[in-house]
Structure formats: structure tokens, C-alpha cells
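> dropping a prediction and its sequence here:
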Amino acid sequence: MARSKNRTSQEVNAGSMADIAFLLLIFFLVTTTIASDKGILNILPPKIDPNVPPPDIKKNERNIFNILINANDDLLVEGEYRRTPEGLDQDIKEFILNFGAPTEKGSALWSTLPASLQAQALRRPESSDDPTEAVVSIKTNRGTSYELYLEVFDMAKKAYFEIYGERVGLTADEYRTLTGDDEASKALQDKGKEGIPMAISIAEPDKIGGN
Amino acid sequence: MAKFKKKPKADPGVSTASLPDIVFMLLFFFMVTTVLREQDLLVEQKIPQSTQLQKLQNKTLISYLFIGKPKNVGLYGSEPRIQANDVLITAPEIVQWGNQERDLLAEADRGLMTVSLKVDKDVKMGPISDVQTELRNADARRVLYASTAKIYED
């Protein structure tokens, strides 16, 4: 037939190959979950030397924010029973920023805080003296669930990050994502936590309800 | 006759224009599927969620400890166990493991070694506390509680 003469190209059209490749690439990108190294960082205290007696630390009870979690996952926060850890982050924040009876270091710190943080100081006599003295203590039983412990620890961290962030005009999330790689972010990071140590103490668990 | 003159036919060979695409496709496939999990998990892992996540910059400094109920209950029992690399270990063996992991790092980085604790939700604090005591003995005191981001419901 005369029409068949017009067939000059026998090649398969390869133009769509790239599209297929991209499609597959996107498929795998979406479906795989890359193991991420995200988590909550905690620095454990150094090993206890059996030859050296533990240092006798005198600390006023009011400077310690006690959180006890028992084997039934009930909480005892500053002597007060709670069913869930909800709202704990706010309580911890109030405790840290209390400025009940600032020491010399505390007064110096007070003057560096922005007005928004100063306004949050409740100055209760029964709460912490100032942020340099305040310690958040978390004590669990051996039978406490890890999930709840992490939730409470998370709340304590959140309280500190909110303070750090507010101090430099960022939200807690923005402050946490500062990497400290470049000068500007390092400066912000240091300015946020300067003088306010993240004092979260993890006590040795009681031997109740575990194995 | 001039009308039926044979036209010069194009080369009927298979086009190689798509070869790079195929190669890239394979490359992507292997990039995606390999490396991600070099260890077989012997324990259950349902990672808890939290909000205040921090990301570690240097991956080479991280060593992993997996803690959870063994998947093979018949063989290893139902109590939470610790997995380091490819084997299940007991808490006192962590000191030795920690020292081995530290020796793999460059001398300057040894102080920054971080242990990522990948702990199952259902584990109690007892085993965790034992592990932390041993980590203190091994002087591997930087601990990362592995966690995923919490999604708010409101």
C-alpha cells in the first residue's frame, strides 16, 4: 500500500521514560520512613565513686519541684495528687520563674529578662527562690511506665525551652531547632539559656511494682 | 518504476536513550531500600511520642540500644530485653559494649558519644534504670530517648 511508505521511524518513544523514573522515585520517597535520630537528650550524672561519700547538698525544699510517679502511673506533684500530667509544663514554668527570694545571681539574671518573662514571676514565698536555684526532680518507681516518664520529662524540657525561647523572642519550637552551627544561631542559643541551667534531676527509682 | 523506489529505511536498532533513566531508577531504588536498617530487630519497637524533640547533628557519634519485649517469646521469654547490634545482651554487658562502641570513634569525639535508647512504650522504668546505671558505669552519659513527634488532636 502506498501509505506504508511513510513509516520512517521504528523507535519506541523514550520521552516518557524520565516521567516513569520520577514517578517511581516519588513513590519510594513517599512510602519509606527514614530512621530518624530525633529524641530527647538527657545527660546522666557521673558514676558514683564508692570511696567518696556523696556530697551533702543543702537545698531548700521550696527550690525543688517534686514529681513522683508511682507504679500505677499516678502522679504526686508537690504533694498534690494528679491523675494525668496535663498542665504540668505550665506549673513547672511558673515554678522556675517564681523569683520568690532572688539571690545575688538571681537578681542579676532578673534584670536581663525581657518584660514578658518578668511579668510571669509570681513571687510566691513557698516556691523557688530564682531560676539559678530551681531544680525539677522526677522520681519514679520501677513499675512506672516508660511512656509516662518520658511524657513528664518532655513537659519539664518544654517549660525550659519556652523560657529560653521567650527570652530571645522565639517560640519554644523555633528555639529548639536552632542548630548552633553558625554564629547567629549560636548567639541566640547561648543568650536564651545563659544563667538558667536546665536542672532536671532524675532520681533512682524505688523498688516498687517492678522487677 | 520510479514510483516504487525504495526509501532509505531508518536504523531499526533499539534506542538507548532510555538507558540513563533505567540506571537512575535502579540507583534510586537501591538508595532507598538499602542502608536504612542494617540490623534485624529482635525486640518489639513502638516508639513513644513527645513534643520537645532535638535532632543530633553527627550520626557517627550515635550508638543504638533497643529495649523491648522480644519478638520471639518462645526463645527469649516475655520480659523486656536489651538489643545491642545484632544480639540480645544483659544489663551488666553494657559496660563492655559501651567501651567497644567508644573505641570505634575518633579520639577527639569519644567524649561526645551518644547512646540512643530506642525503648518500646510498654517497658517499665525498672529495666531502663538498670541500663542507665550501667551507662553511667561505662561513662557513656549522653543519652537520647528516641521519640517521634506527637501529633496534636485539636
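That came through, no problem.
> now chain B against chain A: closest residue?
residue B:126 (3.4 Å; Cβ to the nearest Cβ). Quick note: C-beta positions are derived from backbone N, CA and C, even for glycine.
> do I have it right that that residue meets residue A:146?
No - contact criterion Cβ atoms under 8 Å: residue B:126 and residue A:146 do not qualify, at 9.6 Å.
> tell me where chain A has helices.
With DSSP state H applied, chain A shows helices at A:17-31, A:88-96, A:104-112, A:115-118, A:146-167, A:172-176, A:183-193, listed in chain order.
> grab the nearest non-local neighbour of the residue positioned nearest the centre of chain A.
Centroid-nearest residue in chain A: residue A:157, 3.5 Å away (criterion: Cα atoms, centre = their mean). Setting aside the residues directly before and after it, residue A:157 is nearest to residue B:52 in space (Cβ to Cβ, 6 or more residues apart in numbering or on different chains), at 4.2 Å.
> any idea which helix or strand in chain B has the lowest mean pLDDT?
One helix or strand of chain B scores below all others by mean pLDDT, DSSP states H and E: helix B:19-33, with a mean of 71.
> and the next helix or strand past that helix?
strand B:49-50 (DSSP states H and E).
> where are the low-confidence patches of the chain?
In the absence of a named chain, this looks at chain A. For chain A, the stretches with pLDDT under 70 are A:1-10, A:12, A:14-18, A:21-22, A:28-36, A:208-211.
> that was the other one, I meant chain B.
Ranges of chain B meeting pLDDT under 70: B:1-3, B:5-11, B:16, B:19, B:30-39, B:152-154.
> show me where it has its strands.
For chain B, the strands defined by DSSP state E occupy B:49-50, B:54-55, B:62-68, B:81-84, B:87-89, B:114-119, B:142-146, B:148-149.
> format these as CSV; extra columns: distance to chain A.
Formatted as CSV, those follow (distance: least, Cβ to the nearest Cβ, whole Å):
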stretch, distance to chain A
strand B:49-50, 4
strand B:54-55, 5
strand B:62-68, 6
strand B:81-84, 13
strand B:87-89, 17
strand B:114-119, 5
strand B:142-146, 4
strand B:148-149, 7
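> residue A:187 is nearest to which of these?
strand B:54-55 (18.7 Å; Cβ to Cβ).
> show me what the closest one is packed against.
Counting by 3 or more Cβ pairs under 8 Å, 6 or more residues apart in numbering or on different chains; DSSP states H and E, the packing neighbours recorded for strand B:54-55 are strand A:38-43.
> that older thread, tell me how far the residue nearest to the centre of chain A lies from residue A:133.
Shown here: residue A:157 relative to residue A:133, a distance of 19 Å by Cβ to Cβ, to the nearest Å.
> same check on residue A:45?
According to Cβ to Cβ, residue A:45 and residue A:133 sit 18 Å apart.
> more neighbours, those two?
residue A:133 (22 against 10; other Cβ atoms under 10 Å in any protein chain shown).
> re earlier: next, give phi and psi for the residue nearest to residue A:157.
For residue B:52, the backbone dihedrals are phi -90, psi 60 (criterion: degrees, to the nearest 10).
> verify the contact between it and residue A:172 for me.
Yes - in this structure, residue B:52 is within contact of residue A:172 by Cβ under 8 Å, at 7.5 Å.
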